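Novice: sequence unknown, structure follows:
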């Protein structure tokens, strides 16, 4: 893996927000107790497709999957691919497990915790897609180092993506959009921005499934922005 500069914001244990909300309903708790242990990402060792799914297959990785609707819909759309989702929020994990159960998805593995912890254990060049959809924008300037789109994590994404693999970002926060464009421009030697027309980042494309949060943004009058980058 590429070495990172001192002070570069690639850090583990970087979960700054809460990890649990309201008390889980009985059915949700049963999913956590019974289904999660069957499909959770191992706590140690390399995270490769053959280990997770018993065979080689294209791998997708979603950072902070929220309630898991995008993760589940993409996994349902691509049953021969493998999907890894990382989310620290217990209630979101419980909801995602419900999607996995209801759609009978055998190609999803879940990690409840820091995405970077798992991502570092993925073999270099193993991922076909990395998704970062509506991350916490940390709008205050003093919190900018907490944003997932930063030099350290982006270097890690580049290392784990295969050639021509995609990194997809969605946000409805103009400050985060500007920040992400600035950071990704610094990594132009690693990523090509897949935008050919001025409005390409205003609508989802390329089989992109809009999240519940993205739809909520539109209803509330906020515009989601969609960025697609291809690993060189």
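Specialist: Looks like it came in fine. Remember, it's a predicted structure, so these values are computed and weren't measured experimentally.

Novice: So which bits of the longest strand seen in the chain are buried?
Specialist: Secondary structure assigned by DSSP state E gives strand 161-171 as the longest strand of the chain. Residues 161, 165-171 are the ones in strand 161-171 that count as buried (16 or more other Cβ atoms under 10 Å). C-betas here are computed from N, CA, C, even on glycine.

Novice: Of those, which is the nearest to residue 191?
Specialist: Of all the buried residues of strand 161-171, the one with the least separation from residue 191 (Cβ to Cβ) is residue 167, at 6.6 Å.

Novice: which residues touch stretch 170-179?
Specialist: Under the criterion Cβ atoms under 8 Å, 6 or more residues apart in numbering, residues 132-135, 137, 139, 144, 147, 149, 180, 204, 211, 213-214, 217, 222-227 lie in contact with stretch 170-179.

Novice: what do you get if the cut-off is 10 Å, keeping everything else the same?
Specialist: With contacts defined as Cβ atoms under 10 Å, 6 or more residues apart in numbering, stretch 170-179 is touched by 70, 131-141, 144, 147-150, 169, 180, 201, 204, 208, 210-211, 213-214, 216-218, 220-228.

Novice: What's the first helix or strand after the lowest-mean-pLDDT helix or strand in the chain?
Specialist: None of the helices or strands of the chain scores lower by mean pLDDT, DSSP states H and E than helix 212-219, at a mean of 73. Remark: after helix 212-219, the chain's next helix or strand is strand 225-231, criterion DSSP states H and E.

Novice: Next one: residue 211 from residue 82, what distance?
Specialist: Counting by Cβ to Cβ, to the nearest Å, the separation of residue 211 from residue 82 is 20 Å.

Novice: out of those two, which sits in the more crowded spot?
Specialist: residue 82 (27 against 23; other Cβ atoms under 10 Å).

Novice: Give the burial count for residue 136, as a bare number.
Specialist: 15.

Novice: is it true that it lies in a strand?
Specialist: No. Looking at residue 136 with DSSP: H, G, I helix; E, B strand; the rest coil, it is coil, so not inside a strand.

Novice: surely it meets residue 149?
Specialist: No. Shown here, residue 136 and residue 149 do not form a contact pair, counting by Cβ atoms under 10 Å, at 11.2 Å.

Novice: how close does the nearest residue to residue 98 once chain neighbours are set aside get to residue 53?
Specialist: The shortest distance from residue 98 to any residue other than its chain neighbours is 6.3 Å, reached at residue 31 (Cβ to Cβ, 6 or more residues apart in numbering). Distance, residue 31 to residue 53, by Cβ to Cβ: 21 Å.

Novice: swap in residue 178?
Specialist: 38 Å.

Novice: Which one's more surrounded, those two?
Specialist: Neighbours were tallied for residue 178 and for residue 53 using other Cβ under 10 Å; the higher tally belongs to residue 53 (18 against 12).

Novice: OK, contacts around the more buried one?
Specialist: Residue 53 neighbours (Cβ under 10 Å, 6+ apart): 59, 80-83, 106-109.

Novice: just curious, which of those is nearest to residue 186?
Specialist: residue 59 (26.0 Å).

Novice: how about the closest one, phi and psi?
Specialist: phi -110, psi 140 (degrees, to the nearest 10).
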